[in-house]
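Q: sequence plus predicted model, see below.
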Amino acid sequence: MALWVRRFTEGTAADRDLLGGKGANLAEMTRLGLPVPPGFTVTTEACRAYFDRGGEVRERLWDEVACALQAVGE
């Protein structure tokens, strides 16, 4: 099962298709050691699933967002 939320530390510029342009750039800046606040990106896979289900957000996404928010807070 693919993750729908990725922390900035988990991506690179090469992940543009998965993270979108801004998400991939934030991940790359983090990888390069630039001063980027901790954060995460909801993937394009999650966006596609949202539209495929007629705008319904799956509970799984909320669970992943909650975990990512907790990690950012730490």
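A: That came through fine. Keep in mind the model is a prediction, meaning the values are calculated, not measured.
Q: how about stretch 63-70: buried residues?
A: Going by neighbour count (16 or more other C-beta atoms under 10 Å), the buried part of stretch 63-70 is 64, 65, 68. (Each C-beta comes from the backbone N, C-alpha and C, glycine too.)
Q: and the helices in this structure, which stretches?
A: Secondary structure of the chain by DSSP state H: the helices cover 16-31, 44-52, 59-73.
Q: need the residues that contact stretch 62-69.
A: Residues from elsewhere that reach stretch 62-69 (C-beta atoms under 8 Å, 6 or more residues apart in numbering): 3, 4, 5, 7, 40, 42.
Q: same thing but 7 Å
A: Applying C-beta atoms under 7 Å, 6 or more residues apart in numbering, the set of residues contacting stretch 62-69 from outside is 3, 4, 5, 7, 40.
Q: how far out from the middle of the chain is it?
A: Here stretch 62-69 shows a centroid-to-chain-centroid distance of 10 Å under the convention C-alpha atoms, centre = their mean, to the nearest Å.
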